[in-house]
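**Q** I would like to see how this sequence folds:
(2 chains)
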Amino acid sequence: MMTNGGRKLIQVHINGKECAVFEGVTILQAAREQGLHIPTLCDDRRLEPYGSCWVCLVKVEGAKGFVPSCATQVRPGMKIVTDDEEVRQARKLAFELILSNHYGDCKAPCTLACPSNIDVQGYVGLIAYGKNAEALKLVKKNNPFPSVCGRVCPRPCEDECRRNIVDEPVGIDYLKRYIADIDLFSGNPWKPEVAPSNGKKVAVIGGGPAGLSAAYYLKQAGTEVTVYEAQEKAGGMLRYGIPDYRLPQDVLDKEIALITDLGVSLICGKCLGTELELETLLKENDAVLLALGAWQSREMRIAGEDLPGVLPGIDMLRGVAEGNHPKIGRKVAVIGGGNTAIDAARTSLRLGADDVQIFYRRSREEMPASDMEIEEALEEGIRITYLAAPSKITKGRNNPLELHLITMELGEPDPSGRRRPVPVEGADFSWEVDTVIAAVGQYTDTSSLKTAEGLVDERGNIVCDKETGATAIPKLFAAGDVVTGPDIAIRAIAGGKHAAASIGMFFAGLQVERKAEFLVRKSDLRPVTAEDLEDEEKLPRQTMPKIPLERRRRSFSEIEMGYTDEQALIEARRCLECGCQDVHECKLKEYAQEYEARIDRFVGDFQVHPVDKSHPYIVRDPSKCILCGRCVRICQEVQGLGVLGYVKRGFASHIEPSFGSPFGEVDLCISCGQCVSACPVGALTEKFPSGKTVPLEEEVTPGYCPMCSVSCPVEYRSHGSLFTRITERFDTYGGILCERGRFQNTFILQNQSNGKGICSTPDGNLERKKASGLMDSYMKESKKVLMRISPFLSGEVIDYFLARAGELGCVVRPIGLEHINPSWIELNNLGKGGLPESSLSTKNGRRPFNLETHYFFEDTGIDPQRRAALVLGTLYDSNNVAFTEAYRMKKAGYFTLWVVGDNGPAVQRTADRVFPNLSSLDDALQYAQFERRMVDILINPEDLHVCCERDTENRLIQSIGEASTWQKIRVTLFWNARNSWYLLKSLGERESPEEIGNSGGMEDFDLILDVGGNLESNDNRRVIRWGGDNTHVDLHIPVPLKYWIEGYSEPSGRSPLRQGAQDREEIRNALLL
Amino acid sequence: MADSTVREILSFAIEREKEAAAFYRGLQEKAGFKSMKTMLFELEAMEMGHITVLEGLEKKELRDLEPKKVTDLKISEYLVTPEKPEAEMDYQDILILAMKREEASFRLYTNLASRVSGTDTEKLLLRIASEEAGHKLRFESLYDEHILKEN
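**A** A predicted model of the protein is given here:
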C-alpha cells in the first residue's frame, strides 16, 4: 500500500499484535504510533536517531540480546516485544548504570528534612522575587499552619541547610512566618479551592495540628468533615502547650478559622470515651481519624512527687493558657530538657518567679529542646544544670520544698553506642524551692480505646501503618502524637496530611499506600564539602527583631516581631538553591521511579565536576550529565555550531564547551538555548534572568513569541504571577527558539507589572474608575495629543488603539518604527509579496516533523545549483529561527546560503558564502546573475536601519530593485516585533509611509498616550503609559499579559497566525481608553 | 550458705526465676490491653530464658566464673514502687516493677555472696548477681529511652 507521498506501509508484530507501520521508521516511532510507551533519554524529534542511552531497548525475535528501539528500523514481519519482565529488568539496569554516575540533589536537603516535605527552596525562592502570595500557597500545599509553625517549629529544615557549611542557615522559618503573617493579617487571607462534595463523611477525633490538618486536606477533596475536640477550644498542644510569648492564641485562632471557613465542622468539649464512642462514630461515618494527642504528663515516680507545690509541666502550661495562673513562688526548679521544660521555666519567670533553675539528667548535646529556645531561656536569666537527676523531694527548711538531686556522668557507650547517664558516687546535693515542675515527658491517654483489640501498643500509641495512618480496623485511621508519641507540630501536621491522602485512596477504592518518591541525593555518592561551597559569598543571617529583654521577662507578649520586607528579601536571596532546577520534568527521575531503579546498585567511581554558571542564561552542571549527547548534537546538527563537545574517552568522557572554556566565554554560542531544551536531566538548565533560580511547578500557557516577526509558537511557563521560562512548541519552525524568544522575553515578562490590573500615579495606586476620570481630564487639558503604539501588542489591541486615535483625532506613531525607510515596505511586494501562501501554512500545527519541514522557503523544485538564499544584514541575531531554517534547508540541499553584511563566527560556520560588508550586496547579486541563480532575499529593515546610514540603506534598496529587473528575486522582510508589519501596514492605510516617519518632533505634543512604550514625562508633557513599569509617568495602566502573547500577529509576507479573536469590549475594559 | 552445694544455690535461683515468670503470667490475665499482655508475655519468656542461663552455669567450673561487668544506671533505686491495681498498670509501672524485682535479686545474691567471701560459692553468687544486674540494666535502658525521653 502506498501512501503519504510514496511512503510504504509494512506489517509488523508488536507485543503479539499485528499492525501496519510506515517502512523506514524506527521501532520507537512505530511503537509510539501504536500508543505504546517506551522510555528514552537520548531520542529527540529534532535529531536523527542515535541510540546512546540504551534505555529504549526492546526484544526482537531472532536478534541477539536487546536492541535500541530508537536506532533500529522496522522490517516487514518483525516480531517486537516492548514490555515484559526481561525488558523491564534490562531497562532498570540501564537506569541504574546511569544513576551510578549522576551526582546531584533532586530536591534540596531542607525540603527532605521537613517531615511534611514543604517545598522550602520553592517558597524561599518565590519570596526572593516578592511573590509572597505564591510562596504562601506553596507552603499551604503541605502545611495549613504556616504562621504557627513560623513561630514554633524547631526547624529541622534549617539543621540541614547547606548554608550551615558556609556561614549560618537561611532563616527559613522566619521567612515562612513572614509570608504567612502577611496573608493572615491581610483581611482577606487566601483560601484553597474546595472540590464539589464527594458524598463522604469523616469524623476526626482531636482538634490539634494533626486532626485539623487532616480536616483541611479532606475538605479540599470534597469530604464532609467534623472535628471533635475534647477541650474548650481547638488547637491541641499548640494552644495548651505553647505559651503566648511564643505563639499568641490570636494567630492560632486565625489559622484554625481558615480551616473551619472551608466548611469543616468543629465541635469542642467532646471527649472520646465519655461523650463520644468510637464504634458509633465508625458506624455513622465513612471513615474516622484518631488524632488524640499526647496530653498526659509523665510522672517522675520519685518519693515526694505528691507533695503540694510539685506540678506536672504540661498541666501548668495548660492552666496558664486557660487563664489560671498558679502560685509558684519565687524559687522554681524545673525537671526535664524538652521544650515543655523550657516553656515551663520561662512561663515561671513571667508568673513572678525570679530564681528559675532547670535540672536535666543528660548533657546539652542530648537536650531535646530546640537550641533557640534554650538560648532565649538563658538570655532571660534561667539557669540550666546539666547532668543532674532528681532522687526525691522532701519538705524544705526555709522553703516549702527541698529537691534532692544526684550528679550524673555519661557512662561507657552501650552496644548501641549511646552513653547513658550514670550517678557519680556520693555526689548528691539538694535545692530548696517553692515549686518543682516536672516536665520529663508526655504520653497519650488511650484508655478509651482499650476495648479495640490490638489497636494500642504497650506504650499507649496507636498501632497503624506509619506511612499511611491506616489501622487494622476498617475505616479507622490515626495521625499525630497518638501514633508517634509526643513529637513536634510539623510531624503531626504531616501525619494529618498523609492520613487525609490515605482516606482519599480508601474512598476511591485504591490500595492505601504511600510510595517513596525516587530521589537522588548528593550524599548517596559523596556529601557536599566546604570546598564545594568555597566560592559562595558569606552573607550574615538576618536577625529576628525581638521586644526588649526586660519586657520579655515579665510579659506574655510575643517576643519575636517578624522580619521586615527588606529583611525577607535579603534573607531569601541567601538560599544556595541546592535542589535541581529540572526536578519537575527530569526524565531520569520519572523513569527511575517507574522502573523502581536503585541508586546503590553499582557503587563505584563517579565523576564530580564544578557547576559552570558563567553563561548569562544557562547553568551547566556536568556532574548530572548522562552523556546522551542531545546537547552536542542539537548544537551541531540543528544550529550548525558545535559549541559543546565530548572530551576524553571511556569512563572519563564528559561534555564541555569548546576548548574547555567556561560556557559563558564561548564566542560561538548564540544563546539559543536549544541545548537546554534538549537536556533530559538537570545538566543544562535555564538560569532565571535575575540569577536567582527557583525550581517550581509550572502552569503552561500556549502563545506566540512577540519578539520578532517569525512569531514562534511558544509555551509561556509561570508559577502564579512569576514568569519562569519560555519553551518551544514543537508544532512549527522545527521546535527551536532563539536568545530573544527564550531568554530575553522571559526577562521582560518577569519584570513586567501585568495581570493585577492596578493603575497608578506617582502618588500611588488608583482605582480604575478614578484612573479613567484622570485620563479624561488629561485629555481635556491637552492641546496636542500623540499616540505611540508598540508593535509587540496583539493585532486586536493595535486595531483598537488605532480606531480610538481616529476618534480622538490624535497623531499616531509606531514605536521603534518611526524612522523606517518607507522604501523597504515597497520592496516587500517584490516577487509577489514574498512566498506563496501554501508553503507557509502551519496546517493546524500538525505538520510532520523532520528536516523536510520548511516555513520561509518553499520547495520550488529548482536545481539547488540555480538557487540561493541571500541573507542581508544581521538576521542571524534578530530573526534566528528564520535563519536556522535557511541553514537547515541548505543542509538538506535546497539551495546555497549566502550572507551579506554579517561576519560573526556563527555565520562563518553556517553560511556557504559570506560577504562581510553590506556594500558587497551588488557583488553578491552579480554572482547570482553569473551563476543564473534565483535569489530569496531575507532582510530585517529595522536592523539595517540601525547599522547603516540612510544613504547606504537607499543604495541597498536601489540595488535590489535594479537586480530584480534582470533576475528572479524575491524579498521577505523580517521585523523585530511580531506586528511591526501589521502596524506599518495599518498606519499606511491612514497615512503615507513618509508621513508615518515624519509627523513632527516629540516636543510638539503636551500629552503622549504611550501604548506599550517607555517614554517618560517631563515639564512640557504628560505621559500616560500602558504596560511596562509605572515609573516617571503621570498615569500607568497595566496591560494584561494576553495582549502581549496572544491575539493575532501578521508577519510580513505571510498569512496571519490567528489564535482566537480578542474581544473589543474586553480590551476597552482592561485598557480604559 | 557456705555449706550449700552449687546445685542447691542454682535451684534456689532457678526457683526465683520461675516465681518471677509466674508473676508476669499472673499479670497477663489481669492486663487490660492486648499489647500489654504481649509485653508481659515477653517478660515471662525472658525469665524463662534466665533459667536456661542459670542451668548452664552448673556445667561450668566454679573457679573460672567471673562476675560480668554491668553498668548500673541506678534508675530503679530512686523510683517508687507503683501501688495501684495490677490491671491498671501501664508501661511505666510494669518497667518499674520489673527493674525493682531485678534490683532485689541483685541485692539478695550480693548479700549472700558477702557472707561466703573467699569461696568458690561466692564466685557463683556474684556471677548470678551480675546476671540480675544485667536484667536490671535492660529494663533501665528501656526506661531511660522511652520514659525519660525528655529527661
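**Q** contacts and neighbour counts: CA atoms only from here.
**A** Fine.
**Q** what stretches of chain A score poorly on pLDDT?
**A** A:1-6, A:450-452, A:731-732, A:752-757, A:828-860, A:989-1000, A:1052-1060 (pLDDT under 70).
**Q** report the outermost residue of it with respect to its centre.
**A** residue A:397 (65.7 Å; C-alpha atoms, centre = their mean).
**Q** SS state for that one?
**A** Put simply, residue A:397 is coil when judged by DSSP: H, G, I helix; E, B strand; the rest coil.
**Q** what sits against the nearest residue to it once chain neighbours are set aside?
**A** Using C-alpha to C-alpha, 6 or more residues apart in numbering or on different chains and skipping residues adjacent in sequence, the residue nearest residue A:397 is residue A:432, 7.9 Å away. Taking C-alpha atoms under 8 Å, 6 or more residues apart in numbering or on different chains as the contact definition, residue A:432 lies against A:331, A:396, A:397, A:398, A:399, A:400, A:401, A:402, A:403.
**Q** got it, and residue A:475?
**A** A:282, A:286, A:287, A:288.
**Q** one step back: show me which of the contacts of residue A:432 is closest to chain B.
**A** residue A:403 (12.9 Å; C-alpha to the nearest C-alpha).
**Q** so which elements touch the least confident helix or strand in chain B by mean pLDDT?
**A** Among the helical and strand segments of chain B, the one scoring lowest on mean pLDDT, DSSP states H and E is helix B:34-58, with a mean of 81. Packing partners of helix B:34-58 (3 or more C-alpha pairs under 8 Å, 6 or more residues apart in numbering or on different chains; DSSP states H and E): helix B:6-30.
**Q** chain A contacts on chain B?
**A** B:32-36, B:39, B:71-74, B:78-80, B:90-91, B:144, B:147-151 (C-alpha under 8 Å from any C-alpha of the partner chain).
**Q** can you say which of the residues you listed are buried?
**A** B:32-36, B:39, B:71-73, B:79-80, B:90-91, B:144, B:147-151 (16 or more other C-alpha atoms under 10 Å in any protein chain shown).
**Q** who's in contact with the residue of the stretch 851-1000 of chain A found nearest chain B?
**A** Relative to chain B, the nearest point of the stretch 851-1000 of chain A is residue A:881 (66.1 Å; C-alpha to the nearest C-alpha). When contacts are counted by C-alpha under 8 Å, 6+ apart, residue A:881 touches A:710, A:733, A:736, A:737, A:738.
**Q** PyMOL command for the buried members of those residues?
**A** Here is the PyMOL command that selects only those of the contacts of residue A:881 that count as buried (16+ other C-alpha under 10 Å):
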select buried, chain A and resi 710+733+736+737+738
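**Q** need the contacts of residue A:881 in JSON lines with secondary structure, can you?
**A** Compiled in JSON lines, the contacts of residue A:881 are given as follows (three-state DSSP):
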{"residue": "A:710", "secondary structure": "coil"}
{"residue": "A:733", "secondary structure": "helix"}
{"residue": "A:736", "secondary structure": "coil"}
{"residue": "A:737", "secondary structure": "coil"}
{"residue": "A:738", "secondary structure": "coil"}
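**Q** mind checking which of the contacts of residue A:432 are buried?
**A** Counted by 16+ other C-alpha under 10 Å, those give A:331, A:400, A:401, A:402, A:403 as buried.
**Q** so can I have JSON lines of those residues showing secondary structure?
**A** Shown next, in JSON lines, are the buried ones among the contacts of residue A:432 (three-state DSSP):
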{"residue": "A:331", "secondary structure": "strand"}
{"residue": "A:400", "secondary structure": "coil"}
{"residue": "A:401", "secondary structure": "strand"}
{"residue": "A:402", "secondary structure": "strand"}
{"residue": "A:403", "secondary structure": "strand"}
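**Q** give me the next element, helix or strand, following the longest helix along chain A.
**A** Counting residues, the longest helix found in chain A (DSSP state H) is helix A:489-507. With elements assigned by DSSP states H and E, the helix or strand that comes after helix A:489-507 is helix A:522-525.
**Q** ok now that following helix, how far from the chain's centre?
**A** Chain-centre distance of helix A:522-525: 23 Å, with C-alpha atoms, centre = their mean, to the nearest Å.
**Q** one more: stretch A:21-30?
**A** The answer for stretch A:21-30 is 37 Å, by C-alpha atoms, centre = their mean.
**Q** now do that stretch: distance from first to last residue.
**A** 6 Å (C-alpha to C-alpha, to the nearest Å).
**Q** let me know the distance separating the residue lying closest to residue A:743 once chain neighbours are set aside from residue A:693.
**A** Nearest residue to residue A:743 in three dimensions, chain neighbours excluded: residue A:617, at 6.7 Å (C-alpha to C-alpha, 6+ apart). Plainly put, residue A:617 is 11 Å away from residue A:693 if you go by C-alpha to C-alpha.
**Q** try residue A:1029
**A** Counting by C-alpha to C-alpha, the gap from residue A:1029 to residue A:693 is 23 Å.
**Q** which one of these two has more residues nearby?
**A** Each of residue A:1029 and residue A:693 has its neighbours counted (other C-alpha atoms under 10 Å in any protein chain shown); residue A:693 has more, 23 against 18.
**Q** I'd say that one and residue A:577 touch.
**A** Yes: using C-alpha atoms under 8 Å, residue A:693 makes contact with residue A:577 at a distance of 7.1 Å.
**Q** who in the stretch 901-1050 of chain A is up against chain B?
**A** Nowhere does the stretch 901-1050 of chain A come near chain B, counting by C-alpha under 8 Å from any C-alpha.
**Q** how about the residue most central in space within chain B, what does it touch?
**A** Centroid-nearest residue in chain B: residue B:102, 3.2 Å away (criterion: C-alpha atoms, centre = their mean). Going by C-alpha under 8 Å, 6+ apart, residue B:102 touches B:132, B:133, B:135, B:136.
**Q** next, the buried residues of the longest strand that chain A contains.
**A** Ranked by residue count, the top strand of chain A under DSSP state E comes out as strand A:419-433. Within strand A:419-433, the residues that count as buried by 16+ other C-alpha under 10 Å are A:420, A:421, A:422, A:423, A:428, A:430, A:431, A:432, A:433.
**Q** so how far is that strand off the chain centroid?
**A** Distance, centroid of strand A:419-433 to centroid of chain: 54 Å (C-alpha atoms, centre = their mean).
**Q** quick check: next helix or strand after it?
**A** Next along from strand A:419-433, by DSSP H and E: strand A:435-438.
**Q** so which elements touch that next one?
**A** So strand A:435-438, by 3+ C-alpha pairs under 8 Å, 6+ apart, packs with strand A:310-312, strand A:331-335, helix A:339-350, strand A:401-413.
**Q** can I get those in JSON lines including distance to chain B?
**A** What follows is the helices and strands packed on strand A:435-438, written out as JSON lines (distance: least, C-alpha to the nearest C-alpha, whole Å):
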{"stretch": "strand A:310-312", "distance to chain B": "13"}
{"stretch": "strand A:331-335", "distance to chain B": "7"}
{"stretch": "helix A:339-350", "distance to chain B": "8"}
{"stretch": "strand A:401-413", "distance to chain B": "8"}
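**Q** please consider this matter closed, and thank you.
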